[in-house]
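Asks: I would like to see how this sequence folds:
(2 chains)
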Amino acid sequence: MSSAIQVRGLKKSYGSHIVLKGLDFQIASGEIFALLGVNGAGKTTALECIEGLRTYDSGEISVNGKTGIQLQTSSLPAHIKPMEAVKLFAKWNRAKIDCAMLNTLGIKEIETKQYIQLSTGQKRRLHLALALISDPDIIFLDEPTAGLDVEGRLSLHEQIRNLKSHGKTIVLASHDMAEVETLCDRIAILKDGHLVFCGTASELTDKVGKKYLIHIKTEQGDNTFETDHIEETLLSLLGEFKHKGIRVFDMKVDRGTLEQQFIEIARRAEE
Amino acid sequence: MSGFLYGVALQWKLDIRSKSLLVTCYIVPLIFFLLMGGIFTAVMPEMKSTLIPSMIVMSVSMGAFIGLPPSLIETYGSDVKKVYKANGVPLYLGLVTMFLSTFSHLMMTCVIILLLAPVLFEAALPSHLPIFFLALAIYMIVSLSIGSILGLIVKNQAKLTMIAQLVFLPSILLSGIMFPIDLLPDFLETIGRVFPASWGYRLMLDHGFQLENLWYFILVFCVASIVCGILLKKQKSK
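Replies: Modelled structure (predicted):
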């Protein structure tokens, strides 16, 4: 798969504070890629350098394709109306307005309101619509669902998946692990300006070396068992419960959440 | 080009929706004109010959120093400026659209004053209207360029309120529009000449459009353009 974005040795500092300490990664065309990190890890700075919104000290960034940037809420004049912003962006980008896209994002429903009167979810949808005006190949989303309720979050996830199905490359910065786990093909984890991991969620699990966790709910309560050999342990546990006459109600096997793995990899980076 | 024109027209509408510009470009200057016009011409009938330029100086000073800068802070002191970068549009476009929009709002207020003053207060119309409007345009451009510096240099609205008053009040009190400048002590007269209001007032009076009243505007406009350019470059490099 061809590369949509290549970042080599990206460094950025604000005065004496070094924010990015030499990032190297690439993003393939058509994938959903997440930049993860705690507040202050440098993900927004990295994203803004790639978007071209911020200058950087050294390194190379190559972006292959037209870009669309979903800006954070509060980045439009307070009294502008959604369709006015859409028309302005369309004129700046010499693009035709895609009415179907605006309908899908529910922009028509809010066209009489001013930006200041919109809810957080409506603002996010508007900013996504503005990012899509020029029919970009690569879409940047910074904390796309921050401040949204469950319904708004699910709706936006659906829009993002829909964009991927149309072959768009999506780069998002987030600290919402559940969102990243649900949406993204690959993840880059930033810690104090360093890239401590870049790969798929299962590669992250392998790297952390997390054992399988078997959660069993019985009439005597909930139990969790950790193992490297899932089949043998599971059979042995079920045999033991049967032997003791304990009824099993439910069972689940996982390798921990992305959040747990993120914490583990961040801890290791500190060591 | 159509993007630029749409941007200017949109900014014009946004300025009307934003109550602060509506108040500073229309409501306060026109109420001031209606009240003070009546008082001035009743107390000092000779002011009928200078009422139009003096009321226009007050309106332009208020719009340029108190009306324009908050709009600029809303854009350049916040994430709104990223909109330009994200769309590959030059950062100065915001300044230019706001400048032109405020210019047109102030011009409308001035035209209203020009039309109402003779009817309401028997004020004398300027003898050469084209020259008067040329003088007015020059004065407005220079005042707005000073307002632009304020909007780009000050980072928050609270500070701006204070600093804008430091420019607005001396402009009004020391320019000769409220009372003859000869009545002021010499040092206050000198301070008054630092601000564009006193120069604008003289430029708009009959036979005032002369080089001795123009050099100040050329100088200030050149300096203000350079300062705005530097401030925008600083914003861009951040």
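Asks: For A:Thr73, report the pLDDT, please.
Replies: We have a pLDDT of 68 for A:Thr73.
Asks: For chain B, what lies in contact range of chain A?
Replies: B:2-3, B:6-7, B:10, B:13-14, B:17-18, B:74-75, B:78-80, B:82-83, B:85-89, B:237-238 (CB under 8 Å from any CB of the partner chain). For the C-beta atoms, the positions are set from N, CA and C on the backbone; glycine is no exception.
Asks: In the helix or strand harbouring A:Leu213, which residues are buried?
Replies: Secondary structure assignment for A:Leu213, by DSSP states H and E: strand A:212-218. The neighbour-count check on strand A:212-218 (16 or more other CB atoms under 10 Å in any protein chain shown) flags A:Tyr212, A:Leu213, A:Ile214, A:Ile216 as buried.
Asks: Over to stretch A:113-127?
Replies: In stretch A:113-127, counting by 16+ other CB under 10 Å, buried: A:Gln114, A:Tyr115, A:Leu118, A:Gly121, A:Gln122, A:Lys123, A:Arg124, A:Arg125, A:Leu126, A:His127.
Asks: swap in stretch A:46-56?
Replies: Judged by neighbour count using 16+ other CB under 10 Å, the buried positions of stretch A:46-56 are A:Ala46, A:Leu47, A:Glu48, A:Cys49, A:Ile50, A:Glu51, A:Leu53, A:Arg54, A:Tyr56.
Asks: that older thread, between the buried residues of stretch A:113-127, which is closest to A:Asp206?
Replies: Using CB to CB, A:Arg124 comes nearest to A:Asp206 of these, at 34.0 Å.
Asks: show me the contacts for that closest one.
Replies: For A:Arg124, the contacting residues are A:Gln70, A:Thr73, A:Pro144, A:Thr145, A:Gly147, A:Leu148, A:Gly152, A:Leu156, by CB atoms under 8 Å, 6 or more residues apart in numbering or on different chains.
Asks: Tell me, how many residues neighbour B:Met62?
Replies: Using other CB atoms under 10 Å in any protein chain shown, B:Met62 is surrounded by 23 other residues.
Asks: Next one, pLDDT for it please.
Replies: Note on B:Met62: pLDDT of 95.
Asks: right, and it touches B:Pro29 too?
Replies: Yes. Taking contacts as CB atoms under 8 Å, B:Met62 lies within contact range of B:Pro29: 5.6 Å.
Asks: one step back: pLDDT-wise, what's the bottom of the contacts of A:Arg124?
Replies: A:Thr73 (68).
Asks: contacting residues for B:Val227?
Replies: B:Ile149.
Asks: ignore the last one, B:Ser104
Replies: B:Trp12.
Asks: So, low pLDDT: which residues of the stretch 1-150 of chain A?
Replies: Along the stretch 1-150 of chain A, the model assigns pLDDT under 70 to residues A:1, A:73-74.
Asks: Around chain B, which positions in it sit nearby?
Replies: When proximity is defined by CB under 8 Å from any CB, the stretch 1-150 of chain A lies next to chain B at A:51-55, A:69, A:71-72, A:74-80, A:84, A:87-89, A:91-94, A:114.
Asks: Tell me which entries of those residues lie within strands.
Replies: A:Ile69 (DSSP state E).
Asks: Now which of the residues of the stretch 1-150 of chain A next to chain B would you call buried?
Replies: For these, buried by 16+ other CB under 10 Å: A:51, A:53-54, A:69, A:71, A:75-77, A:79-80, A:84, A:87-89, A:91-93, A:114.
Asks: What are the phi and psi values at the one residue in the stretch 101-250 of chain A that gets nearest to chain B?
Replies: Proximity of the stretch 101-250 of chain A to chain B (CB to the nearest CB) peaks at A:Gln114, 6.9 Å away. For A:Gln114, the backbone dihedrals (degrees, to the nearest 10) come out as phi -90, psi 160.
Asks: nearest to chain B, of the buried residues of stretch A:46-56?
Replies: Comparing those against chain B with CB to the nearest CB places A:Leu53 closest, at 5.0 Å.
Asks: list the contacts for the nearest residue to the residue of the stretch 101-250 of chain A closest to chain B once chain neighbours are set aside?
Replies: Excluding the flanking residues, the one nearest A:Gln114 by CB to CB, 6 or more residues apart in numbering or on different chains is A:His79, at 5.0 Å. Listed by CB under 8 Å, 6+ apart, the contact set of A:His79 reads A:Gln114, A:Tyr115, A:Ile116, B:Leu14, B:Arg17, B:Ser18.
Asks: Closest to A:Ile187 out of these?
Replies: For the contacts of A:His79, the residue nearest A:Ile187 by CB to CB is A:Tyr115; the value is 32.5 Å.
Asks: Touching, that closest one and A:Met83? I think so.
Replies: No. With contacts counted by CB under 8 Å, A:Tyr115 stays clear of A:Met83, the gap being 11.3 Å.
Asks: Do you know the pLDDT at B:Arg193?
Replies: On the pLDDT scale, B:Arg193 gets 88.
Asks: Now it. Its backbone dihedrals?
Replies: According to degrees, to the nearest 10, B:Arg193 has phi -80, psi -10.
Asks: Surely it is in contact with B:Arg202?
Replies: No. The criterion here is CB under 8 Å, and B:Arg193 misses it with B:Arg202 at 9.9 Å.
Asks: Thanks a lot, catch you later.
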